[in-house]
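Visitor: Here is a sequence with its predicted model. Questions after.
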Amino acid sequence: MCRISFIVPAFNVEKYIKKCVEEILKIEHFEIEVIVVNDGSTDKTLTQLENIKDRRLKIISQCNQGVSVARNNGLKNALGDYIFFIDADDKLRSKQLEKYLFNINFDMDLYMFSYCVRKKRKIKKVALPLDEGIYSAKDAKQLSFYLYDVQFSKNYKSKYFGGKVYQYLFSRKFLIENDIYFPIGINFAEDCIFCFHVFQNVKCFQVNSECLYEYSVYDDSASHKYRSNLWEELTLAYNIANDISGDKLSNRNEIFFFYGNEVIRRAVMNFLSFKKRNVAISKIRQVLNDQEYQLALRDMKYDNWTIKERFMLILCRNKKIKLIYFIFWLKINLKSRMKYVANIFK
């Protein structure tokens, strides 16, 4: 019997994949399998994998179809009682995980644990939204709404919950019985939708504050880059989550305002050069002219908002595009300069 299936989607990760897989294979006292789904890599990812000689490693190759299809393919081929999703450029803390596994009963729909964010040499532990303990279906459903509801509203106070698939052990039986897979045709926030779907169906789960995973932040990370269709992907993800919940999500206006600001921020960062200001302004105009975005701004409630937040809302409502561009441009440049000065005096 295989206790855990580790699923690793891999696309052009020749720099990281061997180290990632070898770290997982350090687990010795539990029956495991490592399923790496090579998603049409054009570099030496496959060669690196083929150089690892271990019966527990399974390599599946497919044409490039994206991370959701890769993870789903891995899940369909998994034999483990529990599923652990890992990104190829991150690090599993294998020793801590193995110790953790000896202390659980493998009888929950899922197990939640903490993770750390590594940026260069700095490591920061991410706080969990719940204390350690065992929780019910009611708790799970309430937690699911943190993903697309409470955490974005300025009228509520809540702990951050980002829906990262690498901070869980999922029961494979639970996922299959509830037909939970990653959404196809969406390339952003697919993990949030997956976790939202999971927590809408969970009957029992256990939380532990142990940090078992290191999420690495790179300057070229796809999740932090500007994408020309980011607004469409964000709103599509929200609508999918709304369909899963049965139109029970609220605070839509706050979420869409947050989405709009994030798209604007990334557009300005991507076209930060003053010579490219017209491109950034054009991208901002696309968001501000979006009908759904303007409807969200019109119906916004801002009881507990700061003066700065209300000021930005007024600018967006009135489509003061150049002024919005300048504010974001100035903020990003000042932050960059402050970092530069701080590094000098280290």
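Guide: Yep, that arrived. Numbers count the residues shown, from 1 in each chain.

Visitor: Could I get the buried residue list for the longest strand along the chain?
Guide: The residue-count maximum for a strand in the chain (DSSP state E) belongs to strand 204-217. By 16 or more other C-beta atoms under 10 Å, the buried positions in strand 204-217 come out as 204-208, 211-216. To be clear about C-beta, it is placed using only N, CA and C from the backbone, and glycine gets the same treatment.

Visitor: I'd say W305 and I314 touch.
Guide: No: the criterion here is C-beta atoms under 8 Å, and W305 misses it with I314 at 11.1 Å.

Visitor: Those two: which has the busier surroundings?
Guide: Under the neighbour definition other C-beta atoms under 10 Å, W305 and I314 were set side by side, and W305 has more, 16 against 10.

Visitor: Confirm the more buried one sits in a helix?
Guide: No: read with DSSP: H, G, I helix; E, B strand; the rest coil, W305 is coil and lies in no helix.

Visitor: Looking at it now. What's its pLDDT?
Guide: On pLDDT, W305 comes in at 77.

Visitor: Please apply the same query to A222.
Guide: 53.

Visitor: Show me what counts as buried in the longest helix belonging to the chain.
Guide: The longest helix of the chain (DSSP state H) is helix 321-344. Residues 321, 324-325, 327-329 are the ones in helix 321-344 that count as buried (16+ other C-beta under 10 Å).

Visitor: mind saving the C-alpha coords of the longest strand of the chain as CSV?
Guide: Extracted in CSV, the C-alpha atoms of strand 204-217 (Å, rounded to 0.1, in the frame of the first residue of the first chain):
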residue,chain,number,x,y,z
CYS,A,204,-13.3,16.9,9.1
PHE,A,205,-9.8,18.2,9.0
GLN,A,206,-6.8,18.7,11.3
VAL,A,207,-4.6,21.8,11.7
ASN,A,208,-1.0,21.7,12.8
SER,A,209,1.4,24.8,12.9
GLU,A,210,4.4,22.8,11.9
CYS,A,211,6.2,24.4,8.9
LEU,A,212,6.8,21.6,6.4
TYR,A,213,7.2,23.4,3.1
GLU,A,214,9.3,26.3,1.7
TYR,A,215,7.7,28.4,-1.0
SER,A,216,10.4,30.2,-3.0
VAL,A,217,9.9,33.6,-4.4
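
Visitor: For the stretch 51-200 of the chain, which segments count as strands?
Guide: Taking DSSP state E, counting those that start in this stretch to define them, one finds strands in the stretch 51-200 of the chain at 57-62, 82-85, 91-92, 110-119, 122-125, 133-136, 168-171.

Visitor: returning to what we had before: I would like the residues contacting the longest helix of the chain, please.
Guide: Contact with helix 321-344 is made by 264-265, 268-269, 272, 277, 280-281, 284-285, 288, 312, 315-316, as judged by C-beta atoms under 8 Å, 6 or more residues apart in numbering.

Visitor: Whichever of those residues end up buried, select them in PyMOL.
Guide: In PyMOL, this line selects whichever of those come out buried by 16+ other C-beta under 10 Å:
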select buried, resi 264+268+269+272+277+280+281+284+288+312+316
